[in-house]
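J.: quick one: sequence plus predicted model below, questions after.
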Amino acid sequence: MRFPIKQTIAVAKSIVKNKRAGIPRFPLVLMLEPLHACNLKCEGCGRIREYAATLSQQLPLDKCIKAINDSQAPVVSICGGEPLLYKDIAELVRKSLDLGKVTYLCTNGTILDWKLDILKPHPMFNINVHIDGMEKTHDAITKRPGTFRQITENIRLAKKAGFTICTNTTVYKETSPEEIGDLFAHLQFLGVDGMLVSPGFDYSDVEERAFFMTASEIRDKFSKIRKYAKKCRVWSTPLYLDFLAGLRKYNCTPWGNVTYNIEGWKAPCYLITDRHFADFNEFMNSVDWTRYQSRADKRCQNCMVHSGFEATVALETGSNLKDGLRMAWWTIF
């Protein structure tokens, strides 16, 4: 299996349950940010600027669990900031798994070796290491020489300890398709279980906008990256990669990946912030979702990020027999 079968079933069951209940909008992924503090200051990351006033704060564990229960998303992605700095990270992971959630721990990987002993492998648990290119590129983005080699070694340690490891790579304007192909090969050699890839998005709280691509530049670059992805254990779905290459059209599903952090439910999406809500139901019922789904908001026009469009793939695949069969084949082989 390309993708862990228990995790696939958990997400599928949630989709079927909600559709049968006639619920028009429901999240598939909760992006849970228990803190925004980080030990790196990467180019392309807006969190440490957007939430500069709350960098010293952490969400109480009970609020994290309430957010998991309120959203009812089958997948919980614990991110930040650097979530391994969160004081209750081991307990948060354990409680998320106890609730039956597919749980991702999204980390920059630099202190993973310090924390492996407080975590335990689990069939519903993935450690997701962010890596944005080969050594020269990744170290330039993190602004810290040696991080690429550091996380390479930490991935080896985590795999040796029995954890499921996936990686997340953001592709920027200066990143060549050939480099992403080399990265895929490197990660596959390390024994990484799966690789996620997405184009960078020029959103309002990022200062280095020269890093980011227009929609046409994304389509051109991913038409080449897509060829490398076919040869490796890439977890980004083939339908999403088709979309990135300009071979199909999708609307965004901005409510598919909802974000909860120190300030509340982040609206309208993981990347764009217009306001925060204290209550989940108010958040889901108050946002003008069609504005963002249709890209009527000018900030959405170049966005092709997985947080908005992989949810669309998951929700629409079942209505098309050909796409459904293709996804089933991809999942199995």
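T.: Happy to help now that I have it.
J.: list the contacts for residue 9?
T.: Counting by C-beta atoms under 8 Å, 6 or more residues apart in numbering, residue 9 touches no other residue. Every C-beta, even on glycine, is put in place using the N, C-alpha and C of the backbone.
J.: now do the buried residues in the helix or strand encompassing it.
T.: Here residue 9, judged by DSSP states H and E, is contained in helix 5-20. The neighbour-count check on helix 5-20 (16 or more other C-beta atoms under 10 Å) flags 7, 8, 10, 11, 14, 15, 18 as buried.
J.: what's the spacing between that helix and its chain's center?
T.: Computed by C-alpha atoms, centre = their mean, to the nearest Å, the chain-centroid distance of helix 5-20 equals 18 Å.
J.: what are the pairing partners of the helix or strand following it, and which direction each?
T.: Using DSSP H and E, the helix or strand that follows helix 5-20 in sequence is strand 29-32. Using DSSP bridges, strand 29-32 pairs in its sheet with strand 75-78 (parallel), strand 257-261 (parallel).
J.: chain center to the worst-scoring helix or strand of the chain on mean pLDDT, what's the gap?
T.: The weakest-scoring helix or strand in the chain, judged by mean pLDDT, DSSP states H and E, is helix 47-50 (a mean of 74). Put simply, helix 47-50 sits 17 Å off its chain's centre (C-alpha atoms, centre = their mean).
J.: where do the helices sit along the stretch 51-200 of the chain?
T.: Using DSSP state H, counting those that start in this stretch, the helices of the stretch 51-200 of the chain run over residues 61-71, 89-98, 112-115, 135-142, 147-160, 177-190.
J.: same question for the stretch 201-333 of the chain.
T.: 215-229, 238-244, 280-286, 289-293, 306-316, 321-332.
J.: would you mind saying which of those lies nearest residue 96?
T.: helix 280-286 (16.5 Å; C-beta to C-beta).
J.: and that closest one, what's buried?
T.: Result for helix 280-286 [16+ other C-beta under 10 Å]: buried residues 280, 283, 284.
J.: hmm, the first one is touching residue 267, no?
T.: No. Shown here, residue 280 and residue 267 do not form a contact pair, counting by C-beta atoms under 8 Å, at 11.1 Å.
J.: quick check: residue 261 touching residue 51?
T.: Yes. Using C-beta under 8 Å, residue 261 makes contact with residue 51 at a distance of 7.3 Å.
J.: the more surrounded of these two?
T.: Between residue 261 and residue 51, residue 261 has the larger neighbour count (other C-beta atoms under 10 Å), namely 25 against 21.
J.: so what pLDDT did the more buried one get?
T.: On pLDDT, residue 261 comes in at 97.
J.: what's near enough to touch it?
T.: 32, 33, 34, 36, 51, 59, 276.
J.: filter those down to the buried ones, PyMOL style.
T.: In PyMOL, this line selects whichever of the contacts of residue 261 come out buried by 16+ other C-beta under 10 Å:
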select buried, resi 32+33+34+36+51+59
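J.: make a markdown table from the contacts of residue 261 and add pLDDT to it.
T.: Shown next, in a markdown table, are these (pLDDT from 0 to 100):
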| residue | pLDDT |
| --- | --- |
| 32 | 98 |
| 33 | 97 |
| 34 | 98 |
| 36 | 94 |
| 51 | 86 |
| 59 | 98 |
| 276 | 97 |
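J.: ok, back up a step: can you redo the helices of the stretch 51-200 of the chain as CSV with distance to residue 290, mean neighbour count and mean pLDDT?
T.: As requested, the helices of the stretch 51-200 of the chain are exported to CSV (distance: least, C-beta to C-beta, whole Å; neighbours: other C-beta atoms under 10 Å; pLDDT from 0 to 100):
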stretch, distance to residue 290, mean neighbour count, mean pLDDT
helix 61-71, 21, 18, 98
helix 89-98, 31, 19, 98
helix 112-115, 41, 17, 96
helix 135-142, 35, 19, 94
helix 147-160, 40, 18, 98
helix 177-190, 34, 17, 97
